[in-house]
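Peer 1: Model the structure of this input:
(one chain, ligands or ions: 2)
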Amino acid sequence: MDFFSYQDNTLFAEDVSLAQIAAEHGTPTYVYSRKTLERHWYAFDNALSAHPHLICFAVKANSNIGVLSVLAKLGSGFDIVSGGELARVLAAGGDPGKVVFSGVAKTEDEIRFALEQEILCFNVESFAELDRIQKVAAELNVQAPISLRINPDVDANTHPYISTGLKANKFGIEHEKAVETYQYAKTLPNLTIKGMDCHIGSQLTETAPFVDALDRLLSLVDELASLDIHIKHLDVGGGLGVTYKDEVAPHPNDYASAIASRMAQRPELTLIMEPGRAIAANAGVLLTKVEFVKQNAEKNFAIIDAAMNDLLRPALYSAWQDIVPVLPRLNTPKVTYDVVGPVCETGDFLGKDRDLAIQSDDILAVKSAGAYGFVMSSNYNTRTRAAEILVDGEQVHVVRKREVLADLWANESTV
Ligand SMILES: Cc1ncc(COP(=O)(O)O)c(C=O)c1O
Ligand SMILES: N[C@@H](CCCC[NH3+])C(=O)O
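Peer 2: Ligands and ions are numbered 1, 2, ... in the order given. A predicted model of the protein is given here:
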């Protein structure tokens, strides 16, 4: 069941009309569905129920505290990449004991903060980072739980900007250097080796690359065991793709089952997953108003009040996201539009060549915007960032107010 669906020719989020949300709260506004977030999280959790596991939502995909609090209440863990994300998880009521900390360059301050909060594990990406964590842990006189992020060198077949598991990418520790890095970690007195992890890329639409990466990791786990280094959890990262247009991504059930079946003979190895997009993308839309329609000799433009600063994915990756009217005009002929924002860049489009029956003041919904949407927004062109709303049945929660213009320069000064 889709919780964003038309009822009486009006697009709804759960039991609330998006036309009503636009009228009461203005645009541009992100709208999330609590039921969708929960259903997607449970799809992963249920599929792994036969195996010890932890689902760590990738906070980078959507770090709104309201969204994180929904997942925290389900018992979710979290994958973070900064001290800021850890602070958000704590503010949302998340359990730091279920937090894994990824990222290629954690600062000393971030490591200290995470150690003080007693997070589950640091996913370490280099020799130098092992030394840095050792130094901070020694200063605090604690043991730091660590896992090494192994770069398995598998091709994830995704957009080159979001492929992370190849030798050419900056991420992780080379597969060939994994054993010596673990041996080195074992010599550091304030580190406790807990796990092994990988993350091979994002928006993957096949299961095979995940399984290939897992197989490479499992053979490493066995090799390490023979050297008396015992891995307690295996973290396969995130990356499961979603349907934006016509991609056919595996259902989380099928994907998680494929991974879990490889682990069936290893009940001692806890499985961790870090899905972001698969949980959040189709749990959100971006509501926007048509300001003007404009025509030149070559094109029709629908100029909307959302722009690349609100949703960067089309400009950055040429990503395609569906754009639909909230109140479809049934008797108006469709025209082919480029759907563009008010920002002064030719790359400022949210959709190209879209067939729409629209007029000024109509409200549109850009779909699949719950992941890598608001989190990648900016104040470019001194635009205030969108409001964020979470719908829960008939309830509407404003989980982030629209920014106030004067706040944008509150920390600046004249000279
Ligand atoms: C280390 C790590 N874990 C998890 C994720 C989440 O990925 P996705 O949103 O594709 O599931 C990412 C982003 O690609 C990541 O870099
Ligand atoms: N921001 C990207 C995904 C990057 C994933 C983070 N490692 C997107 O919108 O698709």
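Peer 1: Can you give me every residue that contacts Asp361?
Peer 2: By Cβ atoms under 8 Å, 6 or more residues apart in numbering, the contact list for Asp361 reads 289-290. Yep, even glycine has a C-beta here, placed from its N, CA and C like the rest.
Peer 1: Residues of the stretch 51-200 of the chain that sit close to ligand 1?
Peer 2: Within reach of ligand 1 by Cβ under 6 Å from any ligand atom, the stretch 51-200 of the chain has these residues: 58, 61, 79, 102, 199.
Peer 1: Would you mind confirming that the last one makes contact with Arg149?
Peer 2: Read that as His199. Yes: the pair His199 / Arg149 is scored as a contact, 7.0 Å apart, by Cβ atoms under 8 Å.
Peer 1: hey, what's in contact with both of these two?
Peer 2: With Cβ under 8 Å, 6+ apart as the test, His199 and Arg149 both reach 102, 171-172.
Peer 1: that older thread, can you say which of the residues of the stretch 51-200 of the chain next to ligand 1 are buried?
Peer 2: Buried subset of those (neighbour count, 16 or more other Cβ atoms under 10 Å): 58, 61, 79, 102, 199.
Peer 1: so the first one makes contact with Met273?
Peer 2: Read it as Ala58. No: in terms of Cβ under 8 Å, Ala58 does not count as a neighbour of Met273; the distance is 9.5 Å.
Peer 1: in stretch 62-77, what's buried?
Peer 2: For stretch 62-77, burial by neighbour count (16+ other Cβ under 10 Å) applies to 62-72, 76-77.
Peer 1: Make TSV out of these and add distance to Ala406, pLDDT and secondary structure.
Peer 2: Converted to TSV, the buried residues of stretch 62-77 look like this (distance: Cβ to Cβ, whole Å; pLDDT from 0 to 100; DSSP: H, G, I helix; E, B strand; the rest coil):
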residue	distance to Ala406	pLDDT	secondary structure
Asn62	27	99	coil
Ser63	24	98	coil
Asn64	23	99	coil
Ile65	23	98	helix
Gly66	24	98	helix
Val67	27	99	helix
Leu68	28	99	helix
Ser69	28	98	helix
Val70	31	98	helix
Leu71	33	98	helix
Ala72	33	98	helix
Ser76	36	98	coil
Gly77	38	98	strand
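Peer 1: quick one: which of those is nearest ligand 1?
Peer 2: Nearest to ligand 1 among the buried residues of stretch 62-77, counting by Cβ to the nearest ligand atom, is Asn62 at 9.3 Å.
Peer 1: Which of the helices or strands spans the residue nearest to that closest one when sequence neighbours are not counted?
Peer 2: Leaving aside its sequence neighbours, Asn62 sits nearest to Ala280 (Cβ to Cβ, 6 or more residues apart in numbering; 4.3 Å). With secondary structure defined by DSSP states H and E, Ala280 is part of helix 277-280.
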